[in-house]
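*Asks:* Provided below are the primary sequence and the corresponding predicted coordinates.
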Amino acid sequence: METPSPPSELRGLFSLGAVSLLAGVAVGALCGSFRLILDAAGRMRMAIPEWFAERPLLGLAIMVVGAALATGLAAYLVRRFVPAAVGSGIPHVESVIDGDEPPSPPLLLPVKFIGGMLAMGAGLALGREGPSVQMGATLAHQFGRYLRYDWRDQQSLLAAGAGAGLAAAFNAPLAGAAFVLEELLRRFDMRHATIALGASVGAISVVRLLLGPEPELRVATHYPVGPLDVPLGLALGAATGLASLAYNRAILRALDIADRSPWPAEAKAALVGAGVGAIGFLAPDLVGGGDNLTQKTLDGAYALDALPLVFALRFALGVVSYAAGTPGGLFAPLLALGAEIGLFFGLMIPGEDGPTTGMKFALIGMASFFAAVVRAPLTGMILITEMTDNSQLLLPMLAACFSAMAIAAVCRNEPIYDALKDRSARLARRAET
């Protein structure tokens with residue numbers, strides 16, 4: 001029989017839950033505004049090739065120079081003011097929760113916001129969810145500091161704010177709460193679940209006022225699930241599990257190469273930005289976080305013979321973009337890669353309805369690649385379900401996530417955020433000696 005909580009603890013939980021709701025509202029306003037700006041920048045970037053259709057060299061020059069300046073400035077802001085704002089920010093949030101690093105200062109908020117806006121607006125293959133998670137954690141932590149909560153309660157608010165940031169980034173409230181419990185805290189208890197849900201509710205309430213209630217991705221309302229979908233899901237999961245080995249190692253290798261480069265951080269970022277700007281002028285759909293690419297993949301817009309080239313380009317672009325030293329996350333780019341793997345797999349199945357089967361397995365591939373890379377399968381499945389407002393594929397999705405996780409574990413593929421966190425810790429120790 002469960003021991004009832006003392007009244008004082010219940011009152012404390014009620015108070016903390018109310019604060020988490022308010023913090024979630026603030027996180028939703030911040031991250032919703034961040035997303036609105038990125039959406040506007042993406043539309044402008046997509047329109048530039050049309051504006052300069054009659055003067056393509058001028059348009060190309062504007063894209064290349066503009067992207068180089070934007071990414072170089074983003075890297076400067078990170079290096080000069082808050083080095084912890086580099087990259088996704090999720091490994092840093094995990095280190096703070098574990099007590100290995102101090103919480104980020106309030107200055108991180110403008111640096112992450114402006115730096116992310118510049119880098120992702122320029123077209124780097126980075127996601128908004130990493131900055132949203134880190135900004136959400138930092139903002140919620142400030143609530144705890146202002147109210148003079150003890151570290152345990154500040155830690156709870158910080159984690160809940162991180163989940164609210166993820167919820168706001170993808171319009172996925174349950175995924176935000178699941179992310180807190182599965183990835184950040186790695187334990188479940190009623191206290192943390194309550195606070196995480198409160199923050200997600202507050203954030204999503206604001207985000208849906210700003211952006212509307214529509215799901216992130218448009219998919220068919222019905223996908224037929226046949227008796228072969230579970231074994232096929234197992235096979236797809238094995239493929240995404242193997243792909244995750246290459247992806248995680250490529251990210252870490254690119255960061256090592258960038259660190260050994262004698263060039264200043266701003267110059268390296270500007271070089272990446274220039275290349276992305278050129279690609280963005282010639283093939284606008286292939287740059288950016290990957291939302292448009294994922295939607296086109298789910299719409300079946302890519303032919304079978306084009307998918308390997310699209311995948312290879314996005315894989316390389318994502319790896320190079322993350323090594324550029326600017327703010328930006330991994331979720332959205334890796335979901336796009338998972339969709340491409342799944343679509344290719346589905347289109348290769350003989351005797352099936354090609355387009356429908358391909359799109360179905362594109363969704364399954366998104367969840368299983370996420371599970372293999374991040375090692376958070378429940379968050380991945382909930383996230384894809386909320387992003388598409390479709391729960392019919394949960395069983396084959398579960399099978400795919402199982403085999404993807406198994407392959408990643410057998411091959412000793414460390415979860416990407418653990419690997420990035422360990423890498424940062426090694427660099428910090430090396431700098432001290």
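*Replies:* On my side now, so go ahead.
*Asks:* quick one, what contacts Lys360?
*Replies:* 223, 229, 346, 393 (Cβ atoms under 8 Å, 6 or more residues apart in numbering). C-betas here are computed from N, CA, C, even on glycine.
*Asks:* Checking my notes, the first one in a strand, right?
*Replies:* No: membership of Tyr223 in a strand is not supported by DSSP: H, G, I helix; E, B strand; the rest coil, which gives coil.
*Asks:* That one - how many residues pack around it?
*Replies:* When neighbours are counted by other Cβ atoms under 10 Å, Tyr223 registers 20.
*Asks:* any idea how far Pro333 is from the nearest residue to it once chain neighbours are set aside?
*Replies:* Closest residue to Tyr223 in three dimensions, ignoring its sequence neighbours and counting by Cβ to Cβ, 6 or more residues apart in numbering: Lys360, at 4.6 Å. Distance of Lys360 to Pro333, computed by Cβ to Cβ, to the nearest Å: 22 Å.
*Asks:* domains for the protein, by residue range?
*Replies:* 14-211, 229-427 (automatic domain parsing).
*Asks:* what's the closest of these to Thr433?
*Replies:* Smallest distance to Thr433 across the domains of the chain (Cβ to Cβ): 11.0 Å, for domain 229-427.
*Asks:* end to end, how far does the closest one reach?
*Replies:* By Cα to Cα, to the nearest Å, the extent of domain 229-427 from end to end equals 45 Å.
*Asks:* quick one: pLDDT of the closest residue to Pro215 other than its chain neighbours?
*Replies:* Among residues not flanking Pro215 along the chain, Asp389 sits closest, at 4.1 Å (Cβ to Cβ, 6+ apart). On pLDDT, Asp389 comes in at 90.
*Asks:* got any ranges where the protein has weak pLDDT?
*Replies:* Scanning the chain for pLDDT under 70 picks out the ranges 1-12, 221, 351-355.
*Asks:* middle-most residue in it, spatially?
*Replies:* Nearest to the geometric centre of the chain sits Phe331, at 2.4 Å (Cα atoms, centre = their mean).
*Asks:* Now for that one: which residues touch it?
*Replies:* 127, 129-130, 166, 169-170, 370.
*Asks:* Give me the helices and strands touching the lengthiest helix in the chain, please.
*Replies:* Ranked by residue count, the top helix of the chain under DSSP state H comes out as helix 7-51. Applying 3 or more Cβ pairs under 8 Å, 6 or more residues apart in numbering; DSSP states H and E, we find helix 7-51 packed against helix 56-80, helix 108-122, helix 129-146, helix 151-170, helix 190-211, helix 265-282, helix 291-298.
*Asks:* closest to Leu36 out of those?
*Replies:* It is, among those and with distance given as Cβ to Cβ, helix 190-211, at 6.4 Å.
*Asks:* Need the residues that contact that closest one.
*Replies:* 13, 16-18, 20-29, 31-33, 35-36, 136, 140, 156-157, 159-161, 163-165, 167-168, 171, 173-174, 176-177, 180-181, 185.
*Asks:* For Ala323, what are phi and psi?
*Replies:* phi -80, psi 0 (degrees, to the nearest 10).
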